[in-house]
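Participant: give me the fold of what follows.
(2 chains)
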2 protein chains.
Amino acid sequence: MSEYTALSDLGEFGLIRRIQNTIKLEQKSTVVGIGDDAAVLEPGEKNIVVSTDMLVEGVHFDLSFCPLRHLGYKAVAVNVSDIAAMNALPTQITVSLAIGSRYTVEAIEELYDGIRIACENYKVDLVGGDTTSSNAGLVISITAIGEVAKGEAVLRSTAQPNDLICVTGDLGAAYLGLQVLEREKQVFMDNPEMQPDLQDKEYLVQRQLKPEARMDVIHELKELGVKPTAMIDISDGLASEIMHLCAQSGTGAAIYQDKLPADQQVLNTAEEFRLDPVTCILNGGEDYELLFTVNLADLNKIRNHPDITIIGKMTEASEGVRLATPSGNTFPIKAQGWTHF
Amino acid sequence: MSEYTALSDLGEFGLIRRIQNTIKLEQKSTVVGIGDDAAVLEPGEKNIVVSTDMLVEGVHFDLSFCPLRHLGYKAVAVNVSDIAAMNALPTQITVSLAIGSRYTVEAIEELYDGIRIACENYKVDLVGGDTTSSNAGLVISITAIGEVAKGEAVLRSTAQPNDLICVTGDLGAAYLGLQVLEREKQVFMDNPEMQPDLQDKEYLVQRQLKPEARMDVIHELKELGVKPTAMIDISDGLASEIMHLCAQSGTGAAIYQDKLPADQQVLNTAEEFRLDPVTCILNGGEDYELLFTVNLADLNKIRNHPDITIIGKMTEASEGVRLATPSGNTFPIKAQGWTHF
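Facilitator: Have a look, this model is predicted:
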């Protein structure tokens, strides 16, 4: 006899009740949470920001190496990252799930454990959602809501030539983490006796499986009195995101290759996989770091920040979006991004 | 050569640009729509309400008889219906799609045509979303946002004994519409030469394929000076929804069978399918009418409203939730609802 519970034994309402019982509401602006036709929020004088992201099994995640708890955490983090990229504070999320029949109640509770831990970490209230069955895999759709004082939202379209281009943390690790996990999966499928070898790859794997939204940097910039002139989060890769900032701001950009921040594990593993590390850093997605621009006058406030690297400057649109190599050459940057289709 | 465009030819960004070009923003509270990491809204002094619904191919819709344009319309309408059930006005939606590879660009544009028509009809701005691929069918996840003056949101939990129980429109038609469509699909699969016979079933089919949120009634109740004491929309069937109202308000209810509103096509078609019409009316889902309670003092304001029927009254919880038949018997109402799992 199985020790797991089939979803059909509990039913949709039973599952919702079980999940509902674990939810605490912390945000002052949450008036009514789960349990009615809609949640009721009272943002007061503030503006609200709304973002939504969908994760599809087999497209965005592979459960053979992604634990459900990590997946739940990541699904929240990537949405919070969009809120951070508006210079806003996340306040509420709704979670909709389409669940294949092979999932057990315990599996879905694992997923919600990760969601709940992320909600606690980012101080976000889970205020609504929808739960349904799916004929295929798992689909997770999250909508995140945040608050920002009027006029303080930072858009993609407001960078100016000569603004400094900054990035948080380091880049390329999540992409290489995925390569490592896929290699180990292949090894395991060829020989199920083999244990995965993740030595010296811990950082890469963690970045892939459990990314964090950079709310810490949003808070720190506020404390430093720096309001970015434009901002975007790096979900599809630096190249793709800088192209968005430039296209929407009507600028060009010069990125200095030797300034691009990368962990030593990225450099070593790129070599091991015979990949160009610069390509991994420029086009590897899912780092969920922030890419933003600041006025030159703010240079001294951020130049010594340990989590912020200045990687270039915005230019006139006519100069294009270019990468300057250490040898002095420049090349146009091309966005490879992710084409899911 | 095909005259259709594969999604892979256009890519995600291309598809988003194409859709984006057709979007107009009308709501005063929409500051920034699609095109940034998040939408920016300015609700001012009002409260906002947030609701989300997911529609999954093969579970909630069958494209062999549901045109994509209708599906897009319905996906918006069912979300607006949740906003209506809070006594709020819908203002914005986000739309996330997971799209199987067999869909063409033209098919997705059909879907968005329906979404756009619904947005225009309900005066809602499409402000964000996500578009991704799916290994299986189509998944549509919509989050709707609405506005309501502080203190004017109507919850499920605030009905009192002796309140009148009201329902808008008529019930059971969407469920029978689905039975009709499934029968015709079966006939067609058995013999593709056969044309569907929908004579005297037009209303049922329309109710299934193109339901409307009852925003008209929300506006009219406001004009009449009637604020419901509790409200819910009927997505899972009257029986299930009255159970929710009673459980959350801590009341019982008495529903009079001979007051239940049904179209003549419902009665005729139930007979034709050898179904109990009362069961269809009580347990047939997807009508998206409103079920609400009003204080007895408001009786005269609503008794002659052509789209509102008084079907019973709230009672003490100890009396249970019961159906009174014309012969004077009463039976406990059981929620059958929809168990997707």
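
Participant: now stretch A:300-316: buried residues?
Facilitator: Across stretch A:300-316, burial judged by 16 or more other C-beta atoms under 10 Å in any protein chain shown covers A:Ile302, A:His305, A:Asp307, A:Ile308, A:Thr309, A:Ile310, A:Ile311, A:Gly312, A:Lys313, A:Met314, A:Thr315. In short, each C-beta sits where N, CA and C put it, glycine included.

Participant: who touches it?
Facilitator: Residues from elsewhere that reach stretch A:300-316 (C-beta atoms under 8 Å, 6 or more residues apart in numbering or on different chains): A:159-169, A:214, A:216-217, A:220-221, A:224-226, A:245-246, A:249, A:251-256, A:259-261, A:293-294, A:299, A:324.

Participant: now a ChimeraX select for only the buried ones of the residues you listed.
Facilitator: To isolate the buried subset of the contacts of stretch A:300-316 in ChimeraX, counting by 16+ other C-beta under 10 Å, use the following:
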select /A:159,161,163,164,165,166,167,168,169,214,217,220,221,224,226,245,246,249,251,252,253,254,255,256,260,261,293,294,324
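
Participant: which pLDDT value goes with A:Lys74?
Facilitator: At A:Lys74, the model reports a pLDDT of 96.

Participant: does it touch A:Arg207 like I think?
Facilitator: No - using C-beta atoms under 8 Å, A:Lys74 is not in contact with A:Arg207, being 10.6 Å away.

Participant: okay, those two: which has more neighbours?
Facilitator: The neighbour comparison of A:Lys74 against A:Arg207 (other C-beta atoms under 10 Å in any protein chain shown) goes to A:Arg207, with 28 against 25.

Participant: could the buried residues of stretch A:300-316 be laid out in CSV, adding secondary structure and pLDDT?
Facilitator: Below are the buried residues of stretch A:300-316 laid out as CSV (DSSP: H, G, I helix; E, B strand; the rest coil; pLDDT from 0 to 100):
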residue, secondary structure, pLDDT
A:Ile302, helix, 96
A:His305, coil, 96
A:Asp307, coil, 97
A:Ile308, strand, 98
A:Thr309, strand, 98
A:Ile310, strand, 98
A:Ile311, strand, 98
A:Gly312, strand, 98
A:Lys313, strand, 98
A:Met314, strand, 98
A:Thr315, strand, 98
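
Participant: return the member of those nearest to B:Ala118.
Facilitator: Checking the buried residues of stretch A:300-316 against B:Ala118 by C-beta to C-beta gives A:Met314 as the nearest, at 40.0 Å.

Participant: what about the strands in the stretch 101-250 of chain A?
Facilitator: Ranges of strands within the stretch 101-250 of chain A are A:125-134, A:139-148, A:164-168, A:230-233, based on DSSP state E, counting those that start in this stretch.

Participant: export those as JSON lines, with columns for mean pLDDT.
Facilitator: Listed next are these as JSON lines, based on pLDDT from 0 to 100:
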{"stretch": "strand A:125-134", "mean pLDDT": "92"}
{"stretch": "strand A:139-148", "mean pLDDT": "96"}
{"stretch": "strand A:164-168", "mean pLDDT": "98"}
{"stretch": "strand A:230-233", "mean pLDDT": "98"}
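
Participant: right, so the ones you listed: which one is the most enclosed?
Facilitator: strand A:139-148 (a mean of 28; mean count of other C-beta atoms under 10 Å in any protein chain shown).

Participant: close to chain B, is it?
Facilitator: Yes - applying C-beta under 8 Å from any C-beta of the partner chain, one finds strand A:139-148 touching chain B at A:Val139, A:Ser141, A:Thr143, A:Ala144, A:Ile145, A:Gly146, A:Val148.

Participant: got a list of what the fourth one touches?
Facilitator: A:Ala144 is in contact with A:50-53, A:76, A:79-80, A:82-83, A:90, A:92-93, A:124, B:38, counting by C-beta under 8 Å, 6+ apart.

Participant: surely A:Gly169 meets A:Leu291?
Facilitator: No - between A:Gly169 and A:Leu291 there is no contact, the gap being 10.7 Å when judged by C-beta under 8 Å.

Participant: low-scoring stretches of chain A, by residue?
Facilitator: Along chain A, the model assigns pLDDT under 70 to residues A:1-2, A:335-341.

Participant: residue of it closest to chain B, please.
Facilitator: A:Ala136 (3.1 Å; C-beta to the nearest C-beta).
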